[in-house]
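In: Quick one, what's the 3D model for this:
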Amino acid sequence: MTTPGPHDPTGQVPRPSATVALLRDGPAGGVEVYVQRRSAGVALGGVWVFPGGRIDAADSDEGLDGHWAGPAPAWWAGRLGAEVDLARGAVAAACRETLEEAGVLLADRPVPPEAVAAARAGLLDGRALAEVLAGLGVRLDTGLLRYWGHFVTPAGEARRFDTRFFLAALPPGAAVAPHGLEADQERWVAPAAGDGGLAQVMLPPTRLTLRSLAGFAGVADALEAGRERPVPRVEPVLDGDDIVLDDGERFPCAVRLLRGPP
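Out: Numbers count the residues shown, from 1 in each chain. Okay, here's the model as predicted:
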């Protein structure tokens, strides 16, 4: 877990989190990526994001292993370069948040839409993920995920996250739907066309993830690339009102979006 550095005046420890870029094949080739606009009144209101959120303590519970299909937590620990508990938590949170925020279940077998909706409602009402999965009679299919990015909010921000980014294909027959209290709009964007004109209302990790998906012929190619894609830890620095990457690229809008309008 990241700790605040000596130049972080806020002393904020970045909160571990996970997010998923859901993909589908575009009608003219390439991929389309699902994004949501955060509702006014919630954190990052007005910003376009992927489904995701904090890793809860329950996401790292070993009891989830009985509801787990695909690569085991120990395998994910090696892939993420993290302790097993954190790796389990990141993968479980990615799947949980995809269900909570997009209404999409990443499981080892298809589930009728009405059952998925009921499971989502259960999670939002506070039921544990393991309980929801047991009720459905399914396991998380972690083989549907590909590890794609690792971004840490710059030191000095009042709200900091240490976020693992994953890819997943929209399952056959699944339909996305935002959680009405947290997102007020949704859209599929084609990275090859520039991010749908939403760049100025996206945080840098979202923009960079979209950019990285622009060259793929389709979802299968992107997922194949994700099997062994090198994933460096990226922690930009603040320079005035800009966020600056190691290569010097600057994002002047990011601080304003994080802190809200003056």
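
In: List the contacts of Val231.
Out: Applying C-beta atoms under 8 Å, 6 or more residues apart in numbering to Val231 gives the contacts Leu80, Tyr147, Trp148, Gly149, His150. (Glycine included, C-beta is placed from N, CA and C.)

In: so who does the first one touch?
Out: The contact partners of Leu80, by C-beta under 8 Å, 6+ apart, come to Leu86, Ala87, Ala90, Tyr147, His150, Arg164, Val231.

In: quick one: low-confidence ranges for the stretch 101-250 of the chain?
Out: The stretch 101-250 of the chain contains residues with pLDDT under 70 at 193-196.

In: With adjacent residues omitted, what lies nearest to Ala102?
Out: Distances taken as C-beta to C-beta, 6 or more residues apart in numbering put Pro51 closest to Ala102, at 4.4 Å, once the chain neighbours are dropped.

In: Count the residues that sit near that neighbour.
Out: Neighbouring residues of Pro51 were enumerated by other C-beta atoms under 10 Å; the total is 29.

In: about what we covered before: would you mind giving the contacts of Val231 as TSV with distance to Glu235 added?
Out: TSV is the format used below for the contacts of Val231 (distance: C-beta to C-beta, whole Å):
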residue	distance to Glu235
Leu80	16
Tyr147	17
Trp148	17
Gly149	12
His150	9
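
In: Return the closest of these with respect to Glu224.
Out: Trp148 (12.4 Å; C-beta to C-beta).

In: That closest one against Pro205, yeah?
Out: No - contact status for Trp148 versus Pro205: not in contact, 10.5 Å apart, counting by C-beta atoms under 8 Å.

In: Find residues that contact each of these two.
Out: Phe165.

In: Of the contacts of Val231, which is the nearest to Val104?
Out: When the contacts of Val231 are compared for distance to Val104, the smallest value, 16.9 Å, is given by Trp148; criterion: C-beta to C-beta.

In: And the strands in the stretch 101-250 of the chain, which stretches?
Out: 140-141, 146-152, 161-169, 183-189, 233-234, 237-239, 242-244, 250-251 (DSSP state E, counting those that start in this stretch).

In: any idea how far the most centrally placed residue in the chain is from Leu203?
Out: When the chain is reduced to its mean C-alpha position, the closest residue under C-alpha atoms, centre = their mean turns out to be Thr19, at 0.9 Å. As defined by C-beta to C-beta, to the nearest Å, Thr19 lies at a distance of 11 Å from Leu203.

In: roughly how far apart are the closest residue to Pro71 other than its chain neighbours and Val116?
Out: Closest residue in space to Pro71, ignoring its immediate chain neighbours: Thr142 at 5.5 Å, by C-beta to C-beta, 6+ apart. Thr142 sits at a distance of 18 Å from Val116 (criterion: C-beta to C-beta).

In: what sits against Leu145?
Out: Leu145 is in contact with Val20, Gly70, Val91, Ala94, Cys95, Leu106, Phe166, Leu167, Ala168, counting by C-beta under 8 Å, 6+ apart.

In: what's the closest of those to Val33?
Out: Distance from Val33 was checked for each of these by C-beta to C-beta. The minimum falls on Leu167, at 8.9 Å.

In: got a list of what that closest one touches?
Out: With contact set as C-beta under 8 Å, 6+ apart, Leu167 has these partners: Val20, Ala21, Leu23, Leu145, Arg146, Trp148, Leu213, Ala222, Leu223, Gly226.

In: Please repeat the previous calculation with a cut-off of 10 Å.
Out: For Leu167, the contact set (C-beta atoms under 10 Å, 6 or more residues apart in numbering) comprises 20-23, 31, 33, 50, 94, 144-149, 209, 212-213, 219, 222-223, 225-226, 229.

In: Can you flag the buried ones in the residues you listed?
Out: By the neighbour-count criterion of 16 or more other C-beta atoms under 10 Å, the contacts of Leu167 include these buried positions: 20-23, 31, 33, 50, 94, 144-149, 209, 212-213, 219, 222-223, 225-226.

In: Select from those every entry located in helices.
Out: Secondary structure assignment (DSSP state H) places Ala94, Thr209, Ser212, Val219, Ala222, Leu223, Ala225 from those within helices.

In: That'll do, ta.
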